[in-house]
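Chemist: Give me a 3D structure for the following:
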Amino acid sequence: MERSSLEINLPDTHEEGKLYVVDSLNNLNKLNVCPAESQHTLDEEENTVGAGENTAGSNRNQCLFFVTFILTLIISLALVSFVIFLIIQTRNEMDQISSRLVLEKKNIEELKKMNNMILKHLNQSGFKE
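Modeler: Numbers count the residues shown, from 1 in each chain. Model (predicted):
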């Protein structure tokens with residue numbers, strides 16, 4: 001009497017051992033059911049399991065790249081914002097300095113006019129004496 005792979009009593013082993021025994025029984029069952037020509041399909045399945053591990057590593061690398069890219073963008077945005085802030089502050093300071101210079105220039109012009117008027121007055125009064 002034959003027993004199918006599902007009817008075999010598994011000995012009490014650790015979880016890894018149980019998984020290994022079940023996997024071995026599944027592979028044995030596939031070998032008994034599948035003809036020898038389709039053995040390459042089993043090899044392809046094993047290769048796809050390995051590829052799955054590679055895609056998990058690839059996904060991890062893509063996630064790390066994405067996080068690094070986002071952090072770089074945030075830092076760049078912060079630096080650009082700081083530079084724009086400094087440019088605006090410098091422009092405001094330059095505007096204040098320019099307005100002060102214009103006021104001082106006007107004051108100097110007025111002082112020159114007053115000096116010329118005083119000199120004219122002194123010259124006129126000096127001639128009369």
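Chemist: And residue 82, how far from residue 76?
Modeler: 11 Å (C-beta to C-beta, to the nearest Å). Backbone N, C-alpha and C define where each C-beta goes, glycine included.
Chemist: Ok, residue 101 next?
Modeler: Applying C-beta to C-beta to residue 101 and residue 76 gives a distance of 37 Å.
Chemist: May I ask which helix or strand encompasses residue 104?
Modeler: helix 39-128 (DSSP states H and E).
Chemist: Same question for residue 25.
Modeler: helix 15-33.
Chemist: Now do that helix, average pLDDT.
Modeler: Average pLDDT, helix 15-33: 70.
Chemist: what does stretch 76-88 give?
Modeler: Stretch 76-88 comes out at a mean pLDDT of 97.
Chemist: do the same with stretch 97-109
Modeler: Mean predicted lDDT for stretch 97-109 stands at 96.
Chemist: Only alpha carbons, please: show it as CSV.
Modeler: Extracted C-alpha coordinates of stretch 97-109, given in CSV (Å, rounded to 0.1, in the frame of the first residue of the first chain):
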residue,chain,number,x,y,z
ILE,A,97,22.6,102.6,2.9
SER,A,98,21.7,104.1,-0.4
SER,A,99,18.9,106.2,1.1
ARG,A,100,21.3,107.4,3.8
LEU,A,101,23.9,108.3,1.2
VAL,A,102,21.3,110.3,-0.8
LEU,A,103,20.3,112.2,2.4
GLU,A,104,23.9,112.9,3.3
LYS,A,105,24.6,114.1,-0.2
LYS,A,106,21.6,116.5,0.0
ASN,A,107,22.9,117.8,3.4
ILE,A,108,26.4,118.3,2.0
GLU,A,109,24.9,120.3,-0.9
